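Enquirer: Here you go, sequence then predicted model.
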Amino acid sequence: MELRALETLEDGDTEEDTAMALQRLVELTASRVTSVRSLRVQYRLIRKLGSGSYGRVLLAQPRQGGKTVALKLLRRDSVLRTTFLREFCVGRCVSSHPGLLQTLGRPLQTPQHFAFAQEYAPYGDLSGMLQEKGLPELMAKRVLAQLAGALDFLHGRGLVHADVKPDNVLVFDPDCNRVALGDLGLTRPEGSPTPAPPVPLPTAPPELCLLLPPNTLPLRPAVDSWALGVLLFCVATACFPWDVALAPDPETLVSGLLDITSEKICVRQ
């Protein structure tokens with residue numbers, strides 16, 4: 001199945017091009033989802049790697065052989081089919097970059113779940129490495145350089161990750177020679193209408209924290225740049241700089257923060 005259309009989008013293409021290309025891929029992929037009565041038909045399920053409101057991630061071994069994978073399960077009663085297909089399609093289209101977690105194979109569905117396979121990161125996520133202290137300087141630089149490259153790759157194709165945080169950075173070795181940004185569930189074409197996060201997030205910029213429903217803002221790459229800066233603070237100190245990026249937060253470390261929004265920063269390599 002060919003899912004490479006977004007890779008042809010270069011810097012300067014319009015937001016409409018990216019959105020339309022992604023929509024075409026979703027429509028194409030919708031007819032190619034493999035239905036199985038149980039995931040055990042295709043995989044030997046080993047153990048749970050993680051869980052959340054979306055569903056679960058399981059360590060799994062393909063029954064026809066091959067590398068162990070991380071199998072992401074999304075509950076059909078809580079996730080729209082188009083949302084699942086969009087995440088899968090984006091994942092396939094950007095898997096060529098080493099700083100982004102590879103999405104593998106075909107999408108699956110069972111009576112209870114949507115599912116797709118991703119490469120397995122044996123050292124878990126970055127938050128598990130931080131513990132009570134930050135990373136050494138050299139390792140921190142290594143992590144940030146890889147993530148900056150991954151975001152530049154996404155932004156060059158008209159996409160915004162919109163959920164950069166330590167939990168979504170997967171680690172492949174103890175020295176962080178390779179890390180990869182995962183969880184593309186919130187990734188959208190640049191310009192997509194974006195509401196405030198459902199709960200206060202320390203990685204969200206002030207302009208999103210201040211939004212009141214039903215107001216939205218157009219999604220911009222600067223949102224990822226802001227979150228990458230917060231992540232750098234986390235990597236160095238093993239904690240977030242604040243609970244929410246607003247002046248009333250007693251932990252706010254930036255004077256006059258309300259005058260500093262993600263719209264005023266956009267770091268590119």
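Expert: That came through fine. Residues are numbered from 1 along each chain as shown.

Enquirer: so Gly99 makes contact with Cys176?
Expert: No. The criterion here is CB atoms under 8 Å, and Gly99 misses it with Cys176 at 11.7 Å. Using the backbone N, CA and C atoms, a C-beta is placed for each residue, glycine as well.

Enquirer: overlap in contacts of the two?
Expert: Gln146 (CB atoms under 8 Å, 6 or more residues apart in numbering).

Enquirer: Just the buried positions in the top helix by length along the chain, please.
Expert: Criterion DSSP state H: the longest helix present in the chain is helix 137-156. Within helix 137-156, the residues scored as buried using 16 or more other CB atoms under 10 Å are 139-140, 142-144, 146-156.

Enquirer: Just the terminal-to-terminal distance for stretch 95-102.
Expert: 4 Å (CA to CA, to the nearest Å).

Enquirer: I should have written stretch 68-82 there, sorry.
Expert: So stretch 68-82: terminal residues 27 Å apart, CA to CA.

Enquirer: do stretch 51-67 as well
Expert: End residues of stretch 51-67 are separated by 22 Å (CA to CA).

Enquirer: How far off centre is it?
Expert: Centre-to-centre, stretch 51-67 and its host chain are 17 Å apart (CA atoms, centre = their mean, to the nearest Å).

Enquirer: Do me a favour and average the pLDDT over it.
Expert: When pLDDT is averaged over stretch 51-67, the result is 91.

Enquirer: so where do the helices sit in the stretch 51-200 of the chain?
Expert: Assigned by DSSP state H, counting those that start in this stretch, the helices in the stretch 51-200 of the chain fall at 81-93, 126-130, 137-156.

Enquirer: for the shortest one, packing partners?
Expert: Applying 3 or more CB pairs under 8 Å, 6 or more residues apart in numbering; DSSP states H and E, one finds that helix 126-130 contacts strand 169-171, helix 222-237.

Enquirer: Can you lay out the helices of the stretch 51-200 of the chain as TSV showing mean pLDDT?
Expert: Converted to TSV, these look like this (pLDDT from 0 to 100):
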stretch	mean pLDDT
helix 81-93	97
helix 126-130	93
helix 137-156	97
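
Enquirer: what would those look like in JSON lines with distance to Val244?
Expert: Converted to JSON lines, the helices of the stretch 51-200 of the chain look like this (distance: least, CB to CB, whole Å):
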{"stretch": "helix 81-93", "distance to Val244": "26"}
{"stretch": "helix 126-130", "distance to Val244": "18"}
{"stretch": "helix 137-156", "distance to Val244": "22"}
